[in-house]
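In: Build me a model:
(chains A and B)
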Amino acid sequence: MSDEPTSGSPAGGELDRRELLKKAGQVGAGAVAAGALAGGATAATKRTFATPKIRRGGRLIWGLESDPAHVAPFGGILTANHWAKEFAYDSLVEWDRNLNVKPALAEKFEIISKTAIRWTLKKGVKFHNGKEVTSADVKYSVERMLNPPLPGSISTVAQVPAIDRVQVVSKYVFILHLRQPDARVIGFFAWQRYAAIVPEGLYDQINVARGAIGTGPFRMLGYEPNDRVEYVKNPRFWKKGFPYMDSMQLKILGDEQARVAALRAGAIDGCTLSVDVARSLAGDRNLTVLKGPNAAFRELQMTIKTGEDKPWHKQGVRLAVNHAINRADIIRRVYSGEAEYSGHVPPGYGPWPLRDKELREKYLKFDLPMAKKLMADAGFARGFSVTMTTFALQDYPLISAVVQSQLKQINIDLQIVAQEAGTFAANNGRGTFDWDLTGRGMRGDVDGYVAEFHPAAPIFKIWYPEYRNVPAWRGIGNGRIQLDPGKRVPIYQAAQRQLLLNPVQIPLVAIKKYQVIRKRVHGMYVAFSDFNTGLRNVWLSS
Amino acid sequence: MGGYILKRIAFAIPTLIVVSIGIFLMVRLLPGDIIDILFGGDLSASEEVKEQAREQLGLNGSYLEQYWRWISGAAQGDLGFSLRSTEPVSNVVLDALPVTLELLILALLIAVLIGVPLGVISAVKRDRAADYAARVGGLVGLSIPSFWLATLLLLFTSRVFGWVPPLNYVSPFDDPIANLSQFILPAISISVFTMAIVMRMVRATMLEVLGQDYVRTARAKGVSRRKVISKHALRNALIPVITIVGFEIGVLIGGAAIIETIFGLPGIGYVLLQAISGRDYPVIQAMTLLIAFTFIFANLLVDILYGVLDPRISQG
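Out: As a prediction, this is how the structure comes out:
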């Protein structure tokens, strides 16, 4: 998970999965869905080192790659929106660093029917303004998740599970009613990105675009657009003893070399950097390079549209492409060995992904003779030409070039068109492409990684209305309404296998994320979720 | 002179209108709008939700309607709201403007205060070591891309001195020293090209002027060499330099976008780049219009200065 030689995981006081399940189990007969995303993640590596004495106080400056545009709690589109606000707000539950669900503002929850979950809030948790968190606040917050006011965008509503309403039972107890059974609820709250709990009437009290009132470890002093976000310690934070630091600044530094210079000069304490740049800093005695698995995996996606007759409309051709791609070669040439095989659910995402061995030896096996035979059987032994669009940034052009050279071996003439992010997004969203080399991101629930292959997803009709995969569809449909996490894992793994046997999106590799910190920073880790969650528990040695 | 200025202003208005139409259309001809960006990672959003979002952001209606809404609002000082932050665009502009203005003024000062004397020395010491040095320096200045110099300066000072300019914007009125230390590297980075142009222009015009009859006459009359250069030659040599400086303001604004990003300065250029990648139409339109206005205004100023330095021009 991390290069940092410390076991200083200062998350004491949290419940582990077993305790959480026990606690949730205390509430009667309902099926308990706690730990929906629990399970061993690849990231969980324990090391034993002498733990240095934790020092309190100090101020940390963290470099952010981009501007959040606003810090409103609901409807934030950009990842940077959550980077900026994640220390001010909490939700009902949270993930630990291994994506195990932990109680946060809620003490426990109980699934009382397929469409109702009873939640009990912790008593005495206070917002930054001193007001206690109650069910009325949750009701107010959930209503805004379902219909985010400006400056949020209603486009985030699609990320919200089938929540119907909140029924306030008492000051600390409420029932979350769903429109239909939807297992994504717990992950949605644990992810926290769109699920902050705010005090009732927040939008009438402050300018939520520039300020925040939450329950998080730090109280936001303000956000200066294109410049910085200032935080001070929340002395009333509900996790006793946290946070360690007195204050924190998130400084927006869009240019990577500016972040490197600031890091070297000690003007910032840490930031995210690209692989090569981070590795070039490994020899600096003042810096520590951290790395960890990341939700963003790369994939090759195709369209299968009505009225078209393209070679890849044949399953055999798509399988040939899958087996002609040498992922080990991509990992070596593009990522210097620092990447992994990935299925449709990336490695590190709790218990949901397929095992690496299974991917390497079966579903994503590099097998050129088989690929050539599949092409010949499909009537395309002499290959074909196709245009593949991709982002004109980061590793995308490079990985595209490697894929291009690999597919040449089965006579596919790949024309690469690298596009600016906005242009790419437009073409991708409208389905005006043949092949795309793109990336995926974090999802609140495993369903988010596979829902697009189900005909019920609006994008399905745009990207591949002629795609048929009934076994996968059945799994995806059942998985969403199955509230027992133990039963969900095999369902989604089976669906992933079906998607790899009849692929329409071909997963390539899962990349690693790099962050570089100054030596005085302790307890930081690279969060799989792409957020900077580790900063909540960081302490500074000088 | 008053009539001349009024005439120039009258010419500026249609120019600005044409520019505003150009900006409006160009922004909309970019592939993909903010709805595509907003829903980029969301594969489950229906067309209805997208349409709702379009309405929420005021992107409904024909281009003509949208243009009229924007331009009539702008004429009354209402530039609309940022599509990403919903901040009034006028606030976004007012926050960013002082940063860029200061950067431009500092860069121009550096370019002129160093470029003009270097050009004079180069002309006066023609074909001597100082001239060669200045000419080589000028060529280097023309050849170095400002973004490369900025990155180099930043990495050099951080590596060698363990120092980078202060990260947070400090107003010159609050702390002039901190402000200067924040702006000096960006200003140097952005000014080098203009400085080289100014130096070369001053050298060329000075060489021309120094060979003129009236300069020879002044010398023959026994006027000191220093006085001939500063009073007779330089004043006339500065006329084309002023034109160049007017044009260079446009170059500097363009360069500022990259330099502000590198140094994390929240100025017009930085905000504009962010807005372009986010397809934030009202911010792009306002910032571009502001840049166009600045360019037109700077050239108007140049024309007026021209008239002051050479009365024949305004009379003509």
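
In: Quick check: residues of the stretch 201-350 of chain A near chain B?
Out: Within the stretch 201-350 of chain A, the positions near chain B by CB under 8 Å from any CB of the partner chain are A:209, A:224-228, A:249, A:251-255, A:257-258, A:260-262, A:264-268. The way it works is simple: take the backbone N, C-alpha and C, and place the C-beta from them, glycine included.

In: For PyMOL, write the selection for the buried entries among those residues.
Out: Buried residues within these, by 16 or more other CB atoms under 10 Å in any protein chain shown, are selected in PyMOL with:
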select buried, chain A and resi 209+225+226+227+228+249+251+252+253+254+255+257+258+260+261+262+264+265+267+268
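
In: Out of the residues of the stretch 201-350 of chain A next to chain B, list just those in strands.
Out: Judged by DSSP state E, strands contain the following of these: A:224, A:228, A:249, A:251-252.

In: want to throw those into a markdown table with pLDDT?
Out: Shown next, in a markdown table, are those (pLDDT from 0 to 100):
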| residue | pLDDT |
| --- | --- |
| A:E224 | 89 |
| A:R228 | 93 |
| A:Q249 | 96 |
| A:K251 | 95 |
| A:I252 | 93 |
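
In: Tell me which residue in the stretch 1-150 of chain A sits closest to chain B.
Out: A:A69 (4.0 Å; CB to the nearest CB).

In: just to revisit the earlier point, out of the ones in strands among the residues of the stretch 201-350 of chain A next to chain B, which is nearest to chain B?
Out: After measuring those against chain B - CB to the nearest CB - the closest member comes out as A:K251, at 5.2 Å.

In: Name the residues linked to the closest one by a beta bridge.
Out: Per DSSP bridges, the residues bridged to A:K251 are A:G63, A:R228.

In: which ones are touching it?
Out: A:61-64, A:227-228, A:262, A:268, B:167-168, B:264 (CB atoms under 8 Å, 6 or more residues apart in numbering or on different chains).

In: which among those residues gets closest to B:G255?
Out: Using CB to CB, B:G264 comes nearest to B:G255 of these, at 15.9 Å.

In: For the closest one, which residues are in contact?
Out: So B:G264 contacts A:227, A:251-255, A:258, B:167, B:270 (CB under 8 Å, 6+ apart).

In: how about CSV for those residues, with distance to B:Y281 added?
Out: Output for the contacts of B:G264, formatted as CSV (distance: CB to CB, whole Å):
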residue, distance to B:Y281
A:D227, 23
A:K251, 28
A:I252, 22
A:L253, 26
A:G254, 21
A:D255, 25
A:A258, 28
B:L167, 30
B:Y270, 18
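
In: between these, which is closest to B:D303?
Out: Among those, and counting by CB to CB, the member closest to B:D303 is B:Y270, at 30.2 Å.

In: contact partners of whichever strand or helix holds the closest one?
Out: Assessed by DSSP states H and E, B:Y270 sits inside helix B:268-277. The contact list for helix B:268-277, computed with CB under 8 Å, 6+ apart, reads A:66-67, A:225-226, A:254, A:420-422, B:30, B:82, B:84, B:92-93, B:96-97, B:99-100, B:253-254, B:256-261, B:264, B:280, B:283-284, B:287-288, B:290-291.

In: Grab the longest strand from chain A for me.
Out: Per DSSP E, chain A has its longest strand at strand A:287-302.

In: re the thing from before, residues in contact with the nearest residue to the residue of the stretch 1-150 of chain A closest to chain B once chain neighbours are set aside?
Out: With CB to CB, 6 or more residues apart in numbering or on different chains as the measure, B:R84 is the residue that lies nearest to A:A69, at 4.0 Å, once sequence neighbours are left out. B:R84 makes contacts with A:69-70, A:78, A:151, B:34, B:275, B:278, B:280, B:283, as judged by CB under 8 Å, 6+ apart.

In: And for A:I213?
Out: A:88, A:127-129, A:198-199, A:202, A:205-206.

In: and with 10 Å instead?
Out: Residues near A:I213 by CB atoms under 10 Å, 6 or more residues apart in numbering or on different chains: A:73, A:88-89, A:127-131, A:198-199, A:201-202, A:205-206, A:219-220.

In: where does the stretch 51-200 of chain B have low pLDDT?
Out: Residues of the stretch 51-200 of chain B meeting the criterion pLDDT under 70: B:53, B:56-58.
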